[in-house]
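Colleague: Give me coordinates for this.
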Amino acid sequence: MTDKLYPPFGVLLVDDEPAWLRSVSIILERSAGINNIITCQDSRQVMEILGRRQIGLVLLDLTMPHLQGEDILALICERHPEIATVIVSGMNQVEAAVRCMKSGSFDYFVKTVEEDRLVSGVLRAIRFLELQRENLEMSSRFLSGELRHPEAFADIVTSDRAMHAIFSYVEAVAPSPQPLLITGESGVGKELIARAAHALSGCSGPLVAVNVAGLDDNVFADTLFGHVRGAYTGADQARRGMVEEAAEGTLFLDEIGDLSIPSQVKLLRLLQEGEYFPLGCDRPKRLKARVIVATHGDLTARETAGTFRRDLYYRLRTHHIHVPPLRERKVDVPLLLDHFLHEAARTLGKRKPTPPKELASLLNTYSFPGNVRELKAMVYDAVSVHRERVLSMDAFYKAIGRSEGGEPAAATSQNPFSTMERLPTFADAAELLVGEAMTRASGNQTIAARLLGISQPALSKRLKMRR
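Modeller: The predicted model follows:
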């Protein structure tokens, strides 16, 4: 079984010295995992190769028999402007370097330069090309407005336009080897988005999920990187880390905002260098997995406060998805209610109950701090105690924190009248309050009365007074 080709486009090495072609091919594969390499010793064959192969990057020598490097560079820029060219010359010629850069070369290196600098330059060019292709892909997806693989999102129940825009973005960036950052409150479905991205990535390996919240630095390193036998007291056997378990697949790190600074440094090295050291081992291993991270915290605020490294933050947010909370997509509440009723009934071995018409209106008055996960828990609890044909609303009232004729569970943290220069009269305030309750309850007096903490007859009497 051969490893997956990286990058997805070919890297063409052009030089009349076969020893240099072999050497650079080995360096690029060993140091950066670049194995999609084509070599060419005859400069006259370059344009023919570009015409029949999917080449994205050319490493080009300047001084060769037949066609010179500058002539080939001019032809590439004219006929294949989408291909990036890196000049690798045997001589340090400032004037030639300036001419090449002005002609459209992505970069210029001297052959005697250190291996690390050359590899870093090639990786920069590859990342530039990947981002360029992803931007074009995203533009075409957003213009068409259609999903090519809607089945990847089958587990996410939604009709919200913002969520469908997220799906289009996920389709566009899923094949990218760059990190994907998913943010959003607890319970919005960040792992479902990660699983959809993995399904669309084309990766042959598994998705390995690790919740890193609460892991100290040593446990984090052992969990991710593994250890060799005898690495520490009690390490009687070697153990593969989660990075290795996710090879050719996706490594999903949840609650990334809770990592300690030392663990952040280790993660940054993993992403930047593409390599890691198992505990007790002095030989590095290559990262062969796509990395997706998620957090419910505000990484921008944590970076500003100095608790999250700035360099790691910007490395992680190459691709960024923010999943909106359920309160911002109330159109999904009826869909999710029906979905979870069906799922709960099947799981609990019951017939699917009929929800009362006013249940959706009640749920739409609630802010769902626990988001979709909280709604699912409510529905499972209600179905578990369900006995009649029509579903009782008692479990929902209890979960939302309201009781018949009682007060709301949580009062507002600030007096809404404190910022008013002129206070409304009691009658005016009551009128406004009743009107807002009826609006939130979609005209249902029973639910509006519960929102106001009064009985339904008392609300009905007040409404008659308004007419």
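Colleague: Residue 247 is in contact with residue 207, correct?
Modeller: No. The pair residue 207 / residue 247 is not scored as a contact, 12.0 Å apart, by Cβ atoms under 8 Å. From N, CA and C alone the C-beta is placed, and that goes for glycine too.
Colleague: Pull up the overlap in contacts between the two.
Modeller: Counting by Cβ atoms under 8 Å, 6 or more residues apart in numbering, no residue touches both residue 207 and residue 247.
Colleague: What pLDDT does the model give residue 87?
Modeller: Residue 87 is assigned 94 on the pLDDT scale.
Colleague: helix or strand right after the helix or strand where it lies?
Modeller: Assessed by DSSP states H and E, residue 87 sits inside strand 84-89. Downstream of strand 84-89, the next assigned helix or strand under DSSP H and E is helix 94-103.
Colleague: Tell me where the stretch 251-400 of the chain has strands.
Modeller: 275-276, 285-286, 290-295, 319-322 (DSSP state E, counting those that start in this stretch).
Colleague: can I get those strands in TSV with mean neighbour count and distance to residue 98?
Modeller: Listed next are those as TSV, based on neighbours: other Cβ atoms under 10 Å; distance: least, Cβ to Cβ, whole Å:
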stretch	mean neighbour count	distance to residue 98
strand 275-276	18	35
strand 285-286	18	36
strand 290-295	25	38
strand 319-322	17	35
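Colleague: Relative to residue 77, which of those strands is closest?
Modeller: Closest of those to residue 77 is strand 319-322, at 29.1 Å (criterion: Cβ to Cβ).
Colleague: Pull the closest one out as PDB, backbone CA atoms only.
Modeller: C-alpha atoms of strand 319-322 as PDB (Å, rounded to 0.1, in the frame of the first residue of the first chain):
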ATOM      1  CA  HIS A 319      -9.600  27.800   7.900                       C
ATOM      2  CA  HIS A 320     -12.200  28.900  10.400                       C
ATOM      3  CA  ILE A 321     -15.800  27.900  11.000                       C
ATOM      4  CA  HIS A 322     -18.100  29.400  13.600                       C
END
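Colleague: And the contacts of it?
Modeller: Strand 319-322 has contacts (Cβ under 8 Å, 6+ apart) with 134, 166, 169-170, 173, 176, 178-184, 193.
Colleague: If we use 7 Å, what do you get?
Modeller: 166, 169-170, 173, 176, 178, 180-184, 193 (Cβ atoms under 7 Å, 6 or more residues apart in numbering).
Colleague: Go through those and name the one nearest residue 456.
Modeller: For the contacts of strand 319-322, the nearest to residue 456 is residue 184 (37.1 Å; Cβ to Cβ).
Colleague: excluding its backbone neighbours, what's nearest residue 335?
Modeller: residue 157 (5.3 Å; Cβ to Cβ, 6 or more residues apart in numbering).
Colleague: wait, residue 275
Modeller: residue 284 (4.1 Å).
Colleague: Could you do residue 330 as well?
Modeller: residue 364 (5.4 Å).
Colleague: Could you point out which residue ranges in the stretch 351-467 of the chain have low pLDDT?
Modeller: 402-414, 467 (pLDDT under 70).
Colleague: 90 instead?
Modeller: For the stretch 351-467 of the chain, the stretches with pLDDT under 90 are 356-358, 360-362, 364-366, 386-390, 392-395, 397-467.
Colleague: cool, and the stretch 101-250 of the chain?
Modeller: Using pLDDT under 90, the flagged stretches of the stretch 101-250 of the chain are 111-117, 127, 130-148, 172-173, 175-178, 202-204, 214, 229-236.
Colleague: residue ranges for the helices of it, please.
Modeller: For the stretch 101-250 of the chain, applying DSSP state H, counting those that start in this stretch gives helices covering 115-144, 161-173, 190-200, 217-225, 242-245.
Colleague: what's the closest of the ones you listed to residue 343?
Modeller: Among these, if distance is taken as Cβ to Cβ, the winner is helix 190-200, at 14.1 Å.
Colleague: now the closest one, how far from the chain's geometric center?
Modeller: 8 Å (Cα atoms, centre = their mean, to the nearest Å).
Colleague: What helices and strands are in contact with it?
Modeller: Helices and strands touching helix 190-200, by 3 or more Cβ pairs under 7 Å, 6 or more residues apart in numbering; DSSP states H and E, are helix 161-173, strand 180-183, strand 207-211, strand 250-254, strand 290-295.
Colleague: among those, which is nearest residue 386?
Modeller: Closest among the helices and strands packed on helix 190-200, using Cβ to Cβ: helix 161-173, at 29.4 Å.
Colleague: now the angle from that closest one to helix 115-144?
Modeller: Orientation check (axes from the mean of the first three to the mean of the last three Cα atoms, to 10 degrees): helix 161-173 against helix 115-144 gives 140 degrees.
Colleague: Report the buried residues of helix 161-173.
Modeller: By neighbour count on 16 or more other Cβ atoms under 10 Å, the buried set for helix 161-173 is 163-164, 166-173.
Colleague: by how many degrees do it and helix 190-200 diverge?
Modeller: Here helix 161-173 points in a direction 40 degrees away from that of helix 190-200 (the same axes, to 10 degrees).
Colleague: export helix 161-173 as PDB, just CAs?
Modeller: Below are the C-alpha coordinates for helix 161-173, written out as PDB (Å, rounded to 0.1, in the frame of the first residue of the first chain):
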ATOM      1  CA  ARG A 161     -29.200  29.600   5.600                       C
ATOM      2  CA  ALA A 162     -26.200  30.300   7.700                       C
ATOM      3  CA  MET A 163     -25.700  26.600   8.300                       C
ATOM      4  CA  HIS A 164     -25.900  25.800   4.600                       C
ATOM      5  CA  ALA A 165     -23.300  28.500   3.900                       C
ATOM      6  CA  ILE A 166     -21.100  26.700   6.500                       C
ATOM      7  CA  PHE A 167     -21.700  23.400   4.600                       C
ATOM      8  CA  SER A 168     -20.500  25.000   1.400                       C
ATOM      9  CA  TYR A 169     -17.400  26.300   3.100                       C
ATOM     10  CA  VAL A 170     -16.700  22.800   4.600                       C
ATOM     11  CA  GLU A 171     -16.900  21.200   1.200                       C
ATOM     12  CA  ALA A 172     -14.400  23.700  -0.200                       C
ATOM     13  CA  VAL A 173     -11.800  23.400   2.500                       C
END
